[in-house]
Each structure stands twice: as C-alpha cells, then as structure tokens.
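In: Fold the following and give me the result.
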Amino acid sequence: MMGIMKKDDIPGLFSALADRPLADRLRPSALEDIMGQDHLLGEGGPLRLMADSGKMTSFILWGPPGCGKTTLARILATRTSMHFAALSAVFSGMADLRKAFDEAARRREYGHGTLLFVDEIHRFNRAQQDGFLPYVENGTVTLVGATTENPSFELNSALLSRCKVFVMHSLDAPALESIIERAETLLQRELPLAPEARATLIELADGDGRYLINLMESVFDLCKPDEMLGTDALLKIVQQRAPVYDKDREGHYNLISALHKSLRGSDTDAALYWAARMLEGGEDPLYLLRRLTRFAMEDISLADPAALQMAIAAWDAYERLGSPEGELAIAELIIYLGCAPKSNSAYTAWGAARKAAREYGSLMPPAHILNAPTKLMKELGYGKNYAYDHDAPDAFSGQNYFPDNMPRRQFYRPPERGFEREINKRLAYWDKLRRQRAEEDAGNSGTRSNRKKPPVPEKRDPS
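Out: Modelled structure (predicted):
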C-alpha cells in the first residue's frame, strides 16, 4: 500500500541532482536493523538493556570502521528521548567542546538530557580528554565516544574509569549479505552480479558495511541495464581496498604479534600472510627484518644455528636490492624460520642466568680461576690448583667455575630438537666426567693429603 506523500517527498526540479547517497538511505533507524552486533543488541545484551530501560550511562564504542558506531549512538539517543549532539575529534577543539557543554547545560535546566557523541575520541589529547570529566560526572552530558583504537592505550585512565567500553565487531559475511538484500529491496532492483562476483564484493568489503554500500552504489551506477557482471568485470569498475593497517597504532603490534606467533607455531603459510599484510599496509621492511632476526635468536636459537645466519643474509640482501626485489629475501627467510626446529633454550638460559646474577651478584670467582700476574696475588692463592683442561686426556678437568658459596646451577637445558640433540650429547658426556672427577677427588682426598704433590708447571690462563 502506498503511503501518504509528504511535502518533502514531492520531487522538485533539481531532486535528481540532490539524491541522497545510498549509505544515508540505508542507514538503520532501529536497533533491530543494525547488523552483526548481537552480543550488544540481542536479547539480554548490555546496550539492548540500556535502551529498553531508558537509562543511559556514558560508554565507549571500540570497533573497526563501518561497523555502525555512529548509527548506534543516534538510535540510542532517539530510544531514550535524548538530544543527539555530535562532534568529531578530527575537526573539533576546546572551543567546540565548551559550546557543546554549555548547550547541554541549558537543555538540562529544562529537563532534557544530551547524548554527546564524539567520533574518533582517541584523537583528543590528554588535556582535552580531562575536559570531559566534570560534565560526565555531574550528568550534564552522557558521553558516547567512538574509537577505532584500543581505549586502554589511547584514552585517559580517569576517563575510562567513568565509561564502560563496548567492543563492536567487523561485519561477517551474513551481515554484509543482509545489507545487500536491504539495498535490493530499497532500490527494487537486484544487484547485477553473478554469484561468484557477489561473494567477491563481500570479500572486498572486508567487514566494513559502509565500504560495501559504496561498492554497491558504484555497481548500480556504472552497470548497464540488464547486464550481469562476473568477478573480472566487477574488479574493473570497483577499486580494490587498501589493507587496513596503522604503522604507529595497535594494528601494527597486533600483526607483528600474529607473525611472531605463527612462526613459533611453525605455520609458515600464516606467517607469510601476516608479513604480506604488513608490507602491503606500508610497514618498513627493515622493521620486519629486525623482528625476524630476533625470532631466529629467541625461538630457534641453537636448534638451527644457521637461522641467524639466514636472517642476517636476508637483511643484507634486502638492503642491497630494496623493494620489491628484496622482499623475496624476506619471504625466503620467513619460510626458513617457519620450517626450522624451534627452541627457546638460549633465551630461557640467559634469563635464568641474569636472575642468578642478581641473586649472587657480590660473590668473587673461585681463586683457582683467577689470574695471578703479581707475586702478591700468587701468595693470596690466585690461580692455585688451576687445572689446565688441555692437559687432561679428554680435555676436560671437571673443575668448579661457579663462586665457592654458590651452588652449581644448570641454566641451559637444550631440547631434543635439531642441532641441540648433538649439544645434549656433549653436555651429558661432560656431566658424566664431572661426576667421575668429583667422586675421584672425594675418594682420594685423604690419600692425596698425606702424599707430597708433584710440582705443577705454571701455565698462564689463555683468557
């Protein structure tokens, strides 16, 4: 049934030139129309309960672009009969904030609340964020901040303590498909894409509802009547989206963490994907090479000593070739590191050794391993009874090299992986010899004490 046409609906002379963008026409007007946020807006969801009760408290919406943060704030203001005031931290300063607070204070005098929506709130500096506090505390405004960045890093702790944080998700494929269907219903026209091209369009949107709508608008506007586009034809008329990546923000740390953990888990393919995401997003390849070199030392270590050599070689190759040719060296390094045996034994050993150094940091080395270049030092026992390992038949004396008052500790515990299998054999052999020497010393201590010791030729410590 046709509704009654209002005055604003009557086409004017220039109405064709003033068509509203498809994104504006598809903007949801009810909570039920917002897609992909059932954890917040579904039955029992926190924002659903807030809207149903009519009692709003200040909160932060954290989510990627195009997930509906602004629309959600508008609908909540309408549902709770509050005035909706919007600011963008990109274009606003302290003067704009003061004006918004003053207007909200006047409305409050007449019993009308204000929902102040601040887009990109993380772009306000610390002092500007502090400016919200008294107005949030006394109820002049109900603050709804929107951010694409982790609030824990970007917002004052004082502001966070007064606001709940709700995480909004990027839109999944079913949610994006629902938006396409709504557009087809609104325009009374099927999106002219073959099934595989329709799936490609959803992939190109990458969870961003607003970007999907812009892509659809391009297809509707540029496609000829009765034409059905395949994937190749679709890609010719829509521009592929650049990867979402901020080199100086949380995305940077999230992706390098994903790369590092994928390598640690020996998932070479996933590691290649995350590295490609970073480079496509504009990451400095030298930063990537530094982190990969660290990985070679921290997570592969002596299980494959060639890993560090490979990392340095890849670094050198990239510096000589640059991009894009040198990026192949990065790919080869990632494949090598992903396929190498893993060990953090050196990393763990170094940490344990540093802890012991703090615990026993004032102890002198045992006298027998101290050099004695002067007569006084010899008289004090420096170097006395030092056993020169090369004189032993197996080149192993088994002497103690820890401080006298410190128990022997084992910091390095290599696993049975890669080259460290061979190292384990050596350590086990030396442990066996060390125990034998200790038993011999214990059994012969009395005999040696009654026997005149032969003169030991003095040898200078090669160190």
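In: biggest helix in the chain by residues?
Out: Longest helix in the chain, counting residues (DSSP state H): helix 420-449.
In: Could I get the buried residue list for that one?
Out: Neighbour-count burial for helix 420-449, counted by 16 or more other Cβ atoms under 10 Å, picks out 420, 423-424, 434, 437. C-betas here are computed from N, CA, C, even on glycine.
In: Throw those into TSV and include pLDDT and distance to Glu283, thanks.
Out: TSV is the format used below for the buried residues of helix 420-449 (pLDDT from 0 to 100; distance: Cβ to Cβ, whole Å):
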residue	pLDDT	distance to Glu283
Glu420	90	32
Ile423	91	36
Asn424	89	38
Arg434	88	49
Arg437	82	54
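In: Determine which two of these are furthest apart.
Out: Between all members of the buried residues of helix 420-449, the longest pairwise span (Cβ to Cβ) is found for Glu420 and Arg437 and amounts to 24.9 Å.
In: Now do the phi/psi pair for Gly145.
Out: Backbone torsions for Gly145, taken as degrees, to the nearest 10, come to phi -100, psi 140.
In: Next, find the distance separating the nearest residue to it once chain neighbours are set aside from Leu193.
Out: Here the nearest residue to Gly145 in space, its sequence neighbours aside, is Ile121; by Cβ to Cβ, 6 or more residues apart in numbering that works out to 3.5 Å. For Ile121, the distance to Leu193 equals 37 Å [Cβ to Cβ, to the nearest Å].
In: quick one, which of the two is more surrounded?
Out: Set side by side, Ile121 and Leu193 show unequal neighbour counts under other Cβ atoms under 10 Å, the larger going to Ile121 at 27 against 21.
In: check contacts around that one.
Out: By Cβ atoms under 8 Å, 6 or more residues apart in numbering, the contact list for Ile121 reads 60, 89, 129, 145-147, 155.
In: can you redo the residues you listed as TSV with secondary structure, neighbour count and distance to Leu229?
Out: As requested, the contacts of Ile121 are arranged in TSV below (DSSP: H, G, I helix; E, B strand; the rest coil; neighbours: other Cβ atoms under 10 Å; distance: Cβ to Cβ, whole Å):
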residue	secondary structure	neighbour count	distance to Leu229
Ile60	strand	23	40
Ala89	coil	21	39
Gln129	helix	20	47
Gly145	strand	29	40
Ala146	strand	23	34
Thr147	strand	21	36
Leu155	coil	22	44
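In: Show me the two of the residues you listed that sit farthest apart.
Out: For these, the farthest-apart pair by Cβ to Cβ is Gln129 and Ala146; their separation is 14.0 Å.
In: Pull the number of nearby residues for the closest residue to Tyr360 other than its chain neighbours.
Out: Closest residue to Tyr360 in three dimensions, ignoring its sequence neighbours and counting by Cβ to Cβ, 6+ apart: Met406, at 4.8 Å. When neighbours are defined as other Cβ under 10 Å, Met406 has 13 of them.
In: Can you check the pLDDT for Glu458?
Out: As predicted, Glu458 sits at a pLDDT of 46.
In: Figure out how far the longest helix of the chain is from the centre of its chain.
Out: The chain centroid and the centroid of helix 420-449 are separated by 48 Å under Cα atoms, centre = their mean, to the nearest Å.
In: helices and strands around that helix, which ones?
Out: Judged by 3 or more Cβ pairs under 8 Å, 6 or more residues apart in numbering; DSSP states H and E, helix 420-449 has no packing partners among the helices and strands.
In: Tell me if Leu115 really is in a helix.
Out: No: read with DSSP: H, G, I helix; E, B strand; the rest coil, Leu115 is strand and lies in no helix.
In: Would you enumerate the residues in contact with it?
Out: Under the criterion of Cβ under 8 Å, 6+ apart, the contact list for Leu115 reads 56, 73, 76-77, 80, 82-85, 141-142, 144.
In: how far away is it from Glu177?
Out: Distance, Leu115 to Glu177, using Cβ to Cβ: 31 Å.
In: and if you look at Ile312?
Out: Ile312 sits 49 Å away from Glu177 when distances are taken as Cβ to Cβ.
In: These two: which has the busier surroundings?
Out: Shown here are Ile312 and Glu177; by other Cβ under 10 Å, Glu177 has more neighbours (17 against 14).
In: Test my guess that Leu263 contacts Phe295.
Out: Yes: counting by Cβ atoms under 8 Å, Phe295 is a contact partner of Leu263 at 5.7 Å.
In: Ile256: neighbour count?
Out: Summarising burial for Ile256: neighbours were counted as other Cβ under 10 Å, giving 17.
In: what residue ranges in this structure score low on pLDDT?
Out: Low-confidence segments of the chain, defined by pLDDT under 70: 1-19, 239-251, 444-463.
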